[in-house]
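*Asks:* Have a look; sequence and predicted model below, questions after that.
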Amino acid sequence: MSRFLGQENTTAIWWGLLAFLALNLMGLQNLQHADNYANCGVHENQLIWTILGFSIAMIAMIMDLSIIMRIAPIAYWLGIFILVSVFALPAHKGTHRWIYLFGLSVQPSELMKFLLALMMAHHFKFRKAAERYHLRALALPIFYTLLPTMLVLVEPDLGTAMVICLIGFGIIFFEGVQTRTFLALVGFVLLVFPLAWKWGVIRTYQKDRISSWARQFSTPWTDIARNPDDLDRQPVNSIKAIAIGQRAGKGRGKGREVRYLSELCTDFVVAALAVERGFQGCLIMLLLYFIYVTWGLFVAQNATDKFGVLVAVGITASLAIQVIMNLFMVTRMIPVVGVTLPLFSYGGSALITNMIGFGVLLNIARSRGSL
Amino acid sequence: MSVFSSDKRFEYRTQASWSVLVLGVLFSIILARFFVLQIVRGNEYRRINQQSQVRERRIVPQRGQITDRKGRVMARNITTYRAYIIPHRIKGPDQTVEALGDLIGLAEPERRRLLVRMEETRGSERFNRIYLSQQLVGERCPDQDQPLKALDDPHHHYWCPKCGRTFEIWNKREGSQIIRCTRRPNKLVIRNEGRMAIDACGMEYLTEPVCPYDGRSLQTRTSRLVCPSTGETFNNEVALIESRKDQLQGVYVETDFRRDYPYGTLGSMPVGYVNEVNAREVDDQRDIYRPGDRIGRRGVERALEAVLRGRNGTYLDLRRRNVMPDINLVHYLTRYRPIAALPGHHVMLTLDLEIQKILKGALRDYESDRQGEDPIPAAAIVVIQPHTGAILGMYSKPTYDANHWANKMSRAIKRRYDQHEHAPMINRATTSYPPGSVFKPVTALAGLDLEIIDENTEFECPGYYEYQHRRFRCHKRRGHGVMNLHKAIVNSCDVYFYKLAELIGIDRLHKYTYNTFGLGQNTGIEISESKGWVPSREKYFPRRTVKKFKPGWTLSMAVGQGSLLTTPIQIAQLYAGIANDGKTPRLHIVDRIVDDKHRVLYQAIPSIHTELPFKPEHVDLVQQALFDTVNDDDGTGHYGQLQKQTDVLVSGKTGTAEAKEGRAGVSQELREWLLRDHAWFVGYAPATRAEIVVVVVLEHGGSGGKDAAPIFRTVVETIFERGLNLANRGQP
């Protein structure tokens, strides 16, 4: 691993590229199978988004990085504006997550992840490179992070809000902070969410999800399997489906157990993969993600300009955090948080965002981040 | 460790390495979790999943019926059919809904609703049922529970697919063959300048097949069955759906029961009703109840819930069409022991519905000089058999229709119940009231037993009695003069009993009332009742505490006032004891319980509740006084004398209990009504060998002798006229 991190080899680029492409293909095929089980009717759309996304990625790759750097703040604030404007539209099932543009639904919170990375990178680029930052110096980046976090939290979208928050703080910690600041910030983050709980920013159904999840520590599995709470039903079904996959899966089209998952095409796509391909399939998927993420960090480390470094970190973090959270959720290690699996779950905005990220990573890799 | 060409890169080496490490750890955890789930426990999950190939389902049996003593059914089950859709099984939603809609006549809004609901469901919801809003008709009339008859000539009428209304076409010249309306056939009301007509049942007749409400052209519907009693025409929708299973894949019909009360208002107080269980009841008894089940509320339905509901059964149902054979599954199947469902037992009550009708009619037909819509807004009548303790009649007014409460109530009807001034849900036969003078025999017997008085002891009644600086009035202002016990009862003199009370004292009076006669306690009937209240020195009021007992209160109690409270059935039991020479019967309303194979599981046997410990001469004295109360011209109860049957003699007692109360925010009329006295009359007939005891209480009804006694008379006359006093049991 360390070897990769050090090498100047541009052949290293190929690892990332291939991993990304493989993930895309795997994801598309999986989504198609999932669509057959659950009647989502989405896999054609996903294909279109993928192709579109690749085109955008190409543009992002050849674009001049300095342009990207200059428009970073504008893009960020534009993103905030769009994020605010979702509230102007009527609620869809009680949430304000999407806006409709030219007949397509766009989820601004997804794009915000990337834009936050840009903004944070932009900010730190022009900062005096202090060895470690203390709290006061971090006021602005923290603000940049919390603003979209809060906006997304109120949508309400707990999962994406947490991801955005973690991306922001991830970049901050990557930059380096004083130990005591680190502790203070960690403490603060750990504090924000319980407070949000009390102040009712976190909705009741999210609270119920958590208590449903907590049941697993007090009730034996057979009871839960027979009488799952309404809210617990999906994670329980997901675990069942995953476990039934066993080593090599049940084979293509034979994974009927996933029918019961209403979010099979979005949050719980892994279940389809697990039941059809088994442990082998999941192992491959995890390896591919790991390779891609490591490559992202490698690109970050090799970048010559701070902006490039932090943008790469942000993009990589965004993907890694989502993958980890989603897989934890799907295997019921954490309560349901509503985070989709990048490149696998259905979602145009998420896919495009990841594509752009990929393009920018290639860009940074190619130019070493020099502006 | 690594070779770098620029300082910048070097800067981030640590962070990058740490990050990779952290990520590696997290990914490993995930991998480990997958490993555990899939490799380590995969088999176990598969096994549990196999077992869920079959599912244990529950059979809810029919609820037992409730009948009166002659076998007339007061509570029964009517089969209802409901159609439902399982989205997952529907092949083509639009075609299926269209086929179903055309087959049984679904209006457009309903079709749209079904399609939208189907479209909205995802994941496991697609296996849930979506019910149609209307019930299906099968072989029986939906409301009457009678078998439908085939029409010789199928009846064609017109139907609007948009709003769902049905119309007939009216040929102005020839008139119209009206099959449906049986109330007033051929009586049409012309509207809309001769383009529309309406009959007595509300069926609309048009001159052309266009819907007057939304202009749609009407479609013909053909009905081949008719309900014999209402004349309404139907099709057997259940059979239609069953016959087209190929077109309607994913559509199913469910059989269910609903509770019906054919004598809705007559028996609702003792019988009660059923409705859906609430969440707490499901929680408390999860093994018996599930959401949507029915449970008894009030009356016998509630008291005998465990008897009526039977026992749920279980059976195994295949969840999949192809069950994969597996050793675990075989194990499970061989060890499985299904539980057979036990239908609910039937309950036969001691009530006689004919008597209930008589009681209802007596209250309704009462004529009085009182202005206002209803002379008696609130009352209760109880009829019992003194030698068996069987309750033949228990009627409370105002009453409710159990059918309203068991099934969905329209808003208009609910409003009527909410706005009712006189609490129609209370069973006044088991509510406690101050008894007034009907309590006097208790005081009398206490006095005799304590040998304070005998049949010749005389007191003078000047119309009042001064005791402890208070003037206790007798109901007769001028006084009765010199009285002995007999005269005191016949004339219902209060002063006699005031003096008697003073001599007896509160402690002994309490002892006789509570311990000997058993007042202030439950009579022990099967349905819920009030205990009443017997004051004592330590506790005079049921809910308040007072510092010191006032001896004057003893006097009030002796004439059935003060804080003394009794229920009509307690009074009935009391007088049954007196009529029976001291043998007080155990009152009961349930006669027998039979299972659905008509085997008798329980039969009520007349038994004695208490044997009054008084000397026969004393009881005799009171009996004689009660006889003269009615039959003597001076007696307060002479209005109770039967006029239709001169050979049947009645004994009884009147009571006029002060019962002033106030209520906030009520009309002037109601406020005045609330100030009036309760009117009591209790009596038994024939006087020498009592066959029935009747208690009449008119809440704020006025005078016992003038208002309650005539009702008593009507009731007893009618009962004897029809021979219901003999209370034979009919076929079960």
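*Replies:* Great, that's in hand. Numbers count the residues shown, from 1 in each chain, chains lettered A, B, ... in the order given.

*Asks:* Figure out the helix or strand that residue 109 lives in.
*Replies:* Going with chain A. Per DSSP states H and E: A:Ser109 is located in helix A:108-125.

*Asks:* other chain: chain B
*Replies:* Per DSSP H and E, B:Pro109 falls inside helix B:108-120.

*Asks:* which residues are in contact with that helix?
*Replies:* Residues from elsewhere that reach helix B:108-120 (Cβ atoms under 8 Å, 6 or more residues apart in numbering or on different chains): B:85, B:87, B:90, B:93-94, B:97-98, B:101, B:106, B:130, B:132-134, B:161-162, B:164. For glycine as for every other residue, the C-beta is placed from the backbone atoms N, C-alpha and C.

*Asks:* So which of those residues sit within helices?
*Replies:* B:Pro93, B:Asp94, B:Val97, B:Glu98, B:Gly101 (DSSP state H).

*Asks:* Out of the residues you listed, which two are the most distant from each other?
*Replies:* Distance extremes for the ones in helices among the contacts of helix B:108-120: the farthest pair is B:Pro93 and B:Gly101 at 11.9 Å, using Cβ to Cβ.

*Asks:* for the helix or strand containing B:Tyr498, packing partners?
*Replies:* B:Tyr498 is part of helix B:494-504 when elements are defined by DSSP H and E. Packing partners of helix B:494-504 (3 or more Cβ pairs under 8 Å, 6 or more residues apart in numbering or on different chains; DSSP states H and E): helix B:440-449, strand B:459-461, strand B:464-467, strand B:470-473, helix B:485-491, helix B:552-558.

*Asks:* which of the residues in the longest helix that chain B contains are buried?
*Replies:* For chain B, the longest helix by residue count, based on DSSP H, is helix B:13-35. Buried residues in helix B:13-35, counted by 16 or more other Cβ atoms under 10 Å in any protein chain shown: B:13, B:15-17, B:19-20, B:23, B:26-27, B:30-31, B:33-35.

*Asks:* out of those, who's near chain A?
*Replies:* Contacts with chain A within the buried residues of helix B:13-35, as defined by Cβ under 8 Å from any Cβ of the partner chain: B:13, B:15-17, B:19-20, B:23, B:26-27, B:30-31, B:33-35.

*Asks:* ok, so of those, who is nearest A:Ala241?
*Replies:* Lowest distance from A:Ala241 to those (Cβ to Cβ) belongs to B:Phe34, with 12.3 Å.

*Asks:* which residues does the closest one contact?
*Replies:* Taking Cβ under 8 Å, 6+ apart, we find B:Phe34 in contact with A:Ile242, A:Ala274, A:Phe279, A:Cys282, A:Leu283, A:Leu286, A:Thr331.

*Asks:* Check those and tell me the two furthest apart.
*Replies:* Applying Cβ to Cβ across the contacts of B:Phe34, the maximum distance is between A:Leu283 and A:Thr331, 14.0 Å.

*Asks:* which one of the two has more residues nearby?
*Replies:* A count of neighbours by other Cβ atoms under 10 Å in any protein chain shown puts A:Thr331 above the other of A:Leu283 and A:Thr331, at 23 against 15.

*Asks:* out of everything not next to it in sequence, what's closest to the more buried one?
*Replies:* In space, and not counting its chain neighbours, A:Thr331 is closest to B:Arg33: 4.8 Å by Cβ to Cβ, 6 or more residues apart in numbering or on different chains.

*Asks:* Which single strand of chain B contains the most residues?
*Replies:* strand B:73-85 (DSSP state E).

*Asks:* which sections of the stretch 101-250 of chain A are below the confidence cut-off?
*Replies:* A:101, A:103, A:128-135, A:178, A:193, A:196-206, A:222-230 (pLDDT under 70).

*Asks:* pLDDT at the residue of the stretch 151-300 of chain A at minimum distance from chain B, what is it?
*Replies:* Closest residue of the stretch 151-300 of chain A to chain B, Cβ to the nearest Cβ: A:Ser262 (2.4 Å). Predicted confidence (pLDDT) for A:Ser262: 79.

*Asks:* helix/strand/coil for it?
*Replies:* Counting by DSSP: H, G, I helix; E, B strand; the rest coil, the backbone at A:Ser262 sits in coil.

*Asks:* what's the neighbour count on it?
*Replies:* 20.

*Asks:* Would you agree it is in contact with A:Gln234?
*Replies:* Yes. Here A:Ser262 reaches A:Gln234: they are 6.9 Å apart, a contact under Cβ atoms under 8 Å.

*Asks:* how many neighbours does residue 190 have?
*Replies:* No chain specified, so I'll use chain A. Counted by other Cβ under 10 Å, the residues lying close to A:Leu190 total 9.

*Asks:* wait, I meant chain B there
*Replies:* Residues within reach of B:Ile190, counting by other Cβ under 10 Å, total 13.

*Asks:* and what of B:Gly552?
*Replies:* 17.

*Asks:* Which residues are in contact with it?
*Replies:* Counted by Cβ under 8 Å, 6+ apart, B:Gly552 has contacts B:Tyr467, B:Gln468, B:Arg470, B:Phe472.

*Asks:* most neighbours, which of the residues you listed?
*Replies:* Neighbour-wise, the contacts of B:Gly552 (other Cβ under 10 Å) top out at B:Phe472, 21 neighbours.
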